[in-house]
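S.K.: Build me a model:
(2 chains)
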Amino acid sequence: DTAVSQTPKYLVTQMGNDKSIKCEQNLGHDTMYWYKQDSKKFLKIMFSYNNKELIINETVPNRFSPKSPDKAHLNLHINSLELGDSAVYFCASSQDRVLGSYNEQFFGPGTRLTVL
Amino acid sequence: GDSVTQMEGPVTLSEEAFLTINCTYTATGYPSLFWYVQYPGEGLQLLLKATKADDKGSNKGFEATYRKETTSFHLEKGSVQVSDSAVYFCALRIQRSNFGNEKLTFGTGTRLTIIP
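M.R.: Model (predicted):
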């Protein structure tokens, strides 16, 4: 069973379109994240949610809107797609029950977004 | 702010060679340190971790020691195999006071290729 899954795996679209990427985790974790990996493999946090509440929102254009309908899902909607949005987007989750304890983040396989 | 600096890649080695990938960090507070590995076409997987100074993380023949005095966490392996070919990311995590705020800060990644 896949612990953290993302759909679609590949997404090719035109500039200006609106698209969504879905993420689901079956680990029972409380926190979920979105990371962006650019063409140079640089990986950077975008958002985190804990129990459906937005915690981290890190210098991301407001064209990006995460939505967490429940603890097991964190979807990423992107409006008015631009060429620079082309990247691989990774979802991750962790179990954050005890502050200060080690909470490993488990990553999904990634969604490769190509904007033409 | 917190940051991680990794040696520039790509790194190409022959099978059974000794591997070192350098990683240094800058952080306020006391970070936990990680090495993640990304095999071709896959998401990130945790390779090893160290949560306090002088800890040594190890897994699959890889080792890294948390050196507070040099703010380093270099990855080493005594004899690499072709199957070790991947991108390796050094990362840190700062313990925070609220859930969901423990983002990973990654280095730029080092692509390793092992030739038979």
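S.K.: Close to chain B: what parts of chain A are there?
M.R.: Proximity of chain A to chain B, by CB under 8 Å from any CB of the partner chain, involves residues A:4, A:30-31, A:33, A:35, A:40-45, A:48-51, A:53, A:55-56, A:58, A:90, A:92, A:94, A:96, A:99-100, A:102-105, A:107-110. Using the backbone N, CA and C atoms, a C-beta is placed for each residue, glycine as well.
S.K.: okay, now B:Lys60: neighbour count?
M.R.: 12 (other CB atoms under 10 Å in any protein chain shown).
S.K.: wait, A:His77
M.R.: 14.
S.K.: and if you look at B:Thr12?
M.R.: 12.
S.K.: Isn't it up against B:Thr110?
M.R.: No - the criterion here is CB atoms under 8 Å, and B:Thr12 misses it with B:Thr110 at 11.3 Å.
S.K.: lowest-confidence helix or strand of the chain?
M.R.: In the absence of a named chain, chain A is used. strand A:53-57 (a mean of 84; mean pLDDT, DSSP states H and E).
S.K.: if you could check chain B rather than the one you did, that'd help
M.R.: Per mean pLDDT, DSSP H and E, strand B:104-106 ranks last in chain B, at a mean of 89.
S.K.: name the helices or strands packed onto that one?
M.R.: When contacts are defined as 3 or more CB pairs under 8 Å, 6 or more residues apart in numbering or on different chains; DSSP states H and E, strand B:104-106 sits against strand A:43-50, strand B:3-6, strand B:86-94.
S.K.: Rebuild these as JSON lines, extending it with distance to B:Val80 and mean pLDDT.
M.R.: Output for the helices and strands packed on strand B:104-106, formatted as JSON lines (distance: least, CB to CB, whole Å; pLDDT from 0 to 100):
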{"stretch": "strand A:43-50", "distance to B:Val80": "23", "mean pLDDT": "89"}
{"stretch": "strand B:3-6", "distance to B:Val80": "17", "mean pLDDT": "93"}
{"stretch": "strand B:86-94", "distance to B:Val80": "11", "mean pLDDT": "92"}
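S.K.: Save these as JSON lines, and put in mean neighbour count too.
M.R.: Output for the helices and strands packed on strand B:104-106, formatted as JSON lines (neighbours: other CB atoms under 10 Å in any protein chain shown):
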{"stretch": "strand A:43-50", "mean neighbour count": "22"}
{"stretch": "strand B:3-6", "mean neighbour count": "18"}
{"stretch": "strand B:86-94", "mean neighbour count": "23"}
